[in-house]
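Q: Quick one: sequence plus predicted model below, questions after.
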Amino acid sequence: MNIPAEFTLQRKNKFDHSSTVRWVLSHARPYAWIVVMIFVGAIGNAVLAAVVPVLTGDAFNAMLKPQPDTSVLLPLALTIGISQIIRGVLQLGRNFGAELMAQKMERDIRDELYLSLLGKSMTFHNLQPVGDTMARSTNDVREVNYMFSPGVNLVVGSFMFILMPIFFAPRYHISLIATPLIFTVIYFIALARYLKQLAPITDEVRGSFGKMNTHLSESLDGVEIMKGAAQEGAEVERFSINARDVRNAFVLQGDLEAKYIAMLLLGLAYAGGLVHALILYRSGLIDIGAVIAYFGMLQLLGFPTFTSTWAYSQISLGLSSARRILELIKSETKLDQNASGRTSNMVGEIEFRSVSFHYPNGEDVLKDINFKVKPGQTVAIVGQTGAGKTSLAKLINRTYDVTSGKILVDGVDVRDWNLASLREQISIIEQDIFLFSRSLSDNIAFGKPGATKDEIMSASIAAQAHDFILDFDQTYATTVGERGVTLSGGQRQRIALARAFLTDPRILVLDDSTSAIDSATEDKIQRAISNAARGRTTFIITHRLSQIRWADLIIVLRKGTIAAIGTHDELMKTSEAYSRIFRD
Ligand code: UTP
Ligand code: MG
């Protein structure tokens, strides 16, 4: 299935998304040669392990002859020694191969998941809790790794061990095949039942872990609010409930593992096989060496029994995790990159035609918005909090898509523009400006990674940010978020403006929340903004009267509709609502 994404970055391998198992297999496919190696190693390991009881039986027979033949002992001992060295080398290759494959798959899955997360729309990211996404992209990916090493590796290895007694028992007497055969049949029936019961439990284990992480990341994000409201106690309470759910899920898994019948089955197989062999011996059908070899062979069943409990849990956990990762990768995203859309240089004319918009499952936040802006004009959007100013701005670069109506840029519907091209030419400076924990110059050059030092500096000067940056010890190399370096709202805004100067967009949207600052800073920001507005279409969302006044067009929003529109002079005459703002 081809899911429309914002940015489908090119990747080498295409993975099958039709089912969890197919998806995991499609990730394993590039490493088919390692799988072959694992099988060769596992078969070699099992055969060479079976060599030991066979040769031990032969040694007993030689010793129990009326005249013991000691000359065969040395060759037998040497054969056992050499076979076990070869087994060791094969084991090394197999375990190394499995680990290599698991790590490579983990990397590939991480890459695929990260690419798909970056390609998703804001609608998706707003609804998907970050903590859960983090849990899926770290721990769940790791579980898929464990599923292969040790999980699948041990399952393949132990499967070969189960087969050995079935192959070798007829060597002594055909009827001796009964015990390993019955063991194998019951083992797999029990296993199938076990896996069926395990699946919902491991789903619960992974799910509750994701939930706990969601809560953890949210309370760390909101730690300031939490402390401010003295809600630590309540949060701790909520966290322990989540932690208890995780514990309960794990305990449930342990409980089921403990009840798994394989161990009992092994004991019965030992006892039954021994009795069977002794009866054959008493009837003179096999010799004592055969009894010893056969019993040694039955011991091989111990390995699959011991490993099966947790090796299969590991696979079940891995599949649950894979399901969660795939769910995230496949989750629908509404925006479409529209790679074949228009890519030309923008002039900067914007028109809203009967635009209405609501967030998913919400009421209309914008209703029937109509206006037209000429290239290079400055538009001020004013209105009370919650009026829809930010929402209106986010429609222009398709952070969200309109619910009805259309937005035209240079006469072309924004949905008909190539999304990358549209966004490259429109800059939005958000209401709360996010800075990465990187150096100030990296933050400024975010939209233009190749920018030179000079370019960064002149952008900062134009944005009135240069002076305060020089006040830091390490100036442009200062890392945000390190050693207590954080920036004030006004400073962040000027960093964001410097970003905009560098990328030089045709359309600039400035969602300005800093209304109350000292007049010196106010003056600087004022100058930075008028520098930025020059030569491009600019939207300013602001409460600052001085900025509103010199705008070419003023849009007064009230509860999602345009209450008044025009220039300052016009509105002062015609709009009661507008002139009231200036009178107060
Ligand atoms: P806006 O965020 O567009 O309002 O939300 P605004 O005019 O910019 O407000 P201020 O001045 O920054 O405070 C408009 C409506 O959209 C809803 C809000 O609840 C509000 O009623 N909304 C906003 C959502 O439902 N989801 C969102 O992600 C954002
Ligand atoms: Mg806003």
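A: Great, that's in hand. Numbers count the residues shown, from 1 in each chain. Ligands and ions are numbered 1, 2, ... in the order given.
Q: in what helix or strand does whichever residue of the stretch 101-250 of the chain sits closest to ligand 1 lie?
A: Residue nearest to ligand 1 within the stretch 101-250 of the chain: residue 126 (5.5 Å; CB to the nearest ligand atom). For every residue, glycine as well, the C-beta is placed using N, CA and C. Using DSSP states H and E, residue 126 maps to helix 122-127.
Q: helices or strands next to that helix in the packing?
A: Judged by 3 or more CB pairs under 8 Å, 6 or more residues apart in numbering; DSSP states H and E, helix 122-127 is in contact with no other helix or strand.
Q: Could I get the buried residue list for it?
A: 123, 124 (16 or more other CB atoms under 10 Å).
Q: Just the CA coordinates for it, please, in PDB.
A: Written as PDB, here are the backbone C-alpha positions of helix 122-127 (Å, rounded to 0.1, in the frame of the first residue of the first chain):
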ATOM      1  CA  MET A 122       1.100  17.700  11.900                       C
ATOM      2  CA  THR A 123      -2.400  16.400  12.500                       C
ATOM      3  CA  PHE A 124      -0.800  13.000  13.200                       C
ATOM      4  CA  HIS A 125       1.900  14.400  15.400                       C
ATOM      5  CA  ASN A 126      -0.500  16.500  17.400                       C
ATOM      6  CA  LEU A 127      -2.600  13.500  18.200                       C
END
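Q: could you give the mean pLDDT of that helix?
A: For helix 122-127, mean pLDDT rounds to 77.
Q: ok, and the closest non-adjacent residue to residue 497?
A: Leaving aside its sequence neighbours, residue 497 sits nearest to residue 463 (CB to CB, 6 or more residues apart in numbering; 3.8 Å).
Q: Likewise for residue 492?
A: Excluding the flanking residues, the one nearest residue 492 by CB to CB, 6+ apart is residue 433, at 4.2 Å.
Q: Confirm for me that the one you found is in contact with residue 490.
A: No - using CB atoms under 8 Å, residue 433 is not in contact with residue 490; the gap is 10.4 Å.
Q: out of these two, which sits in the busier spot?
A: The residue with more neighbours, out of residue 433 and residue 490, is residue 433; 20 against 17, by other CB atoms under 10 Å.
Q: Now do the same for that one: its pLDDT.
A: Looking at residue 433, its pLDDT is 82.
Q: Contact partners for it?
A: Residue 433 sits next to 489, 492, 493, 495, 496 when contact means CB atoms under 8 Å, 6 or more residues apart in numbering.
Q: Over to residue 281?
A: 287, 288, 290, 291.
Q: In the chain, where's the longest helix?
A: Using DSSP state H, we find that the single longest helix of the chain is helix 73-118.
Q: for it, packing partners?
A: helix 20-28, helix 32-64, helix 141-146, helix 153-168, helix 302-330.
Q: Reformat those helices as CSV; add mean neighbour count, mean pLDDT and distance to ligand 2.
A: Converted to CSV, the helices and strands packed on helix 73-118 look like this (neighbours: other CB atoms under 10 Å; pLDDT from 0 to 100; distance: least, CB to the ion, whole Å):
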stretch, mean neighbour count, mean pLDDT, distance to ligand 2
helix 20-28, 18, 94, 40
helix 32-64, 18, 92, 53
helix 141-146, 21, 94, 36
helix 153-168, 21, 92, 54
helix 302-330, 21, 91, 29
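Q: Could you dump the ones you listed into JSON lines and include distance to residue 86?
A: Compiled in JSON lines, these are given as follows (distance: least, CB to CB, whole Å):
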{"stretch": "helix 20-28", "distance to residue 86": "27"}
{"stretch": "helix 32-64", "distance to residue 86": "6"}
{"stretch": "helix 141-146", "distance to residue 86": "28"}
{"stretch": "helix 153-168", "distance to residue 86": "15"}
{"stretch": "helix 302-330", "distance to residue 86": "18"}
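Q: out of the ones you listed, which comes closest to ligand 1?
A: Across the helices and strands packed on helix 73-118, closest to ligand 1 is helix 302-330 (CB to the nearest ligand atom), at 20.4 Å.
Q: For my notes, confirm residue 369 occurs in a strand.
A: Yes - under DSSP: H, G, I helix; E, B strand; the rest coil, residue 369 sits within a strand.
Q: Need the nearest residue in space to it, chain neighbours excluded.
A: residue 355 (4.3 Å).
Q: tell me which element that neighbour falls in.
A: If you go by DSSP H and E, residue 355 is part of strand 350-358.
Q: I only care about the contacts of residue 281 that end up buried; give me the PyMOL line for that.
A: For the buried members of the contacts of residue 281, the matching PyMOL selection, counting by 16+ other CB under 10 Å, is:
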select buried, resi 287+290+291
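Q: so of the contacts of residue 281, which ones are in helices?
A: Among the contacts of residue 281, the ones falling in helices (DSSP H) are 288, 290, 291.
Q: quick one: contacts for the nearest residue to the second one once chain neighbours are set aside?
A: The one in question is residue 290. Once flanking residues are discounted, residue 290 sits nearest to residue 172: 3.9 Å by CB to CB, 6+ apart. Taking CB under 8 Å, 6+ apart as the criterion, residue 172 is in contact with 277, 286, 290, 293, 294.
Q: same question, residue 16
A: Going by CB under 8 Å, 6+ apart, residue 16 touches 22, 23, 25, 26.
Q: any chance of those residues in JSON lines, plus distance to ligand 1?
A: Formatted as JSON lines, the contacts of residue 16 follow (distance: CB to the nearest ligand atom, whole Å):
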{"residue": "22", "distance to ligand 1": "36"}
{"residue": "23", "distance to ligand 1": "31"}
{"residue": "25", "distance to ligand 1": "39"}
{"residue": "26", "distance to ligand 1": "36"}
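Q: Check the gap between the residue of the stretch 101-250 of the chain closest to ligand 1 and residue 400 for me.
A: Going from residue 126 to residue 400 by CB to CB, to the nearest Å gives 9 Å.
Q: before we move on, what about residue 243?
A: 36 Å.
Q: Kindly report the same for residue 135.
A: 27 Å.
Q: Need the pLDDT of residue 430.
A: 83.
Q: Surely it and residue 511 touch.
A: Yes - using CB under 8 Å, residue 430 is in contact with residue 511, at 5.7 Å.
Q: what does stretch 94-112 rub up against?
A: If you take CB under 8 Å, 6+ apart as the criterion, stretch 94-112 is touched by 11, 13, 15, 27-28, 30-31, 34-35, 37-38, 40-42, 45, 137, 141-142, 144-150, 152-153, 157, 325, 329.
Q: Just the element for the residue of the stretch 301-450 of the chain found nearest ligand 2, please.
A: The minimum distance from the stretch 301-450 of the chain to ligand 2, using CB to the ion, falls at residue 390 (3.1 Å). Here residue 390 sits within helix 389-396, counting by DSSP H and E.
Q: Mind checking the pLDDT average for that helix?
A: Mean per-residue pLDDT for helix 389-396: 90.
Q: Please apply the same query to stretch 503-512.
A: The model assigns stretch 503-512 a mean pLDDT of 87.
Q: which neighbours do residue 126 and residue 400 share?
A: residue 359.
Q: what separates the residue nearest to the spatial centre of the chain from residue 505, distance-wise?
A: Centroid-nearest residue in the chain: residue 137, 2.8 Å away (criterion: CA atoms, centre = their mean). Residue 137 sits 31 Å away from residue 505, going by CB to CB.
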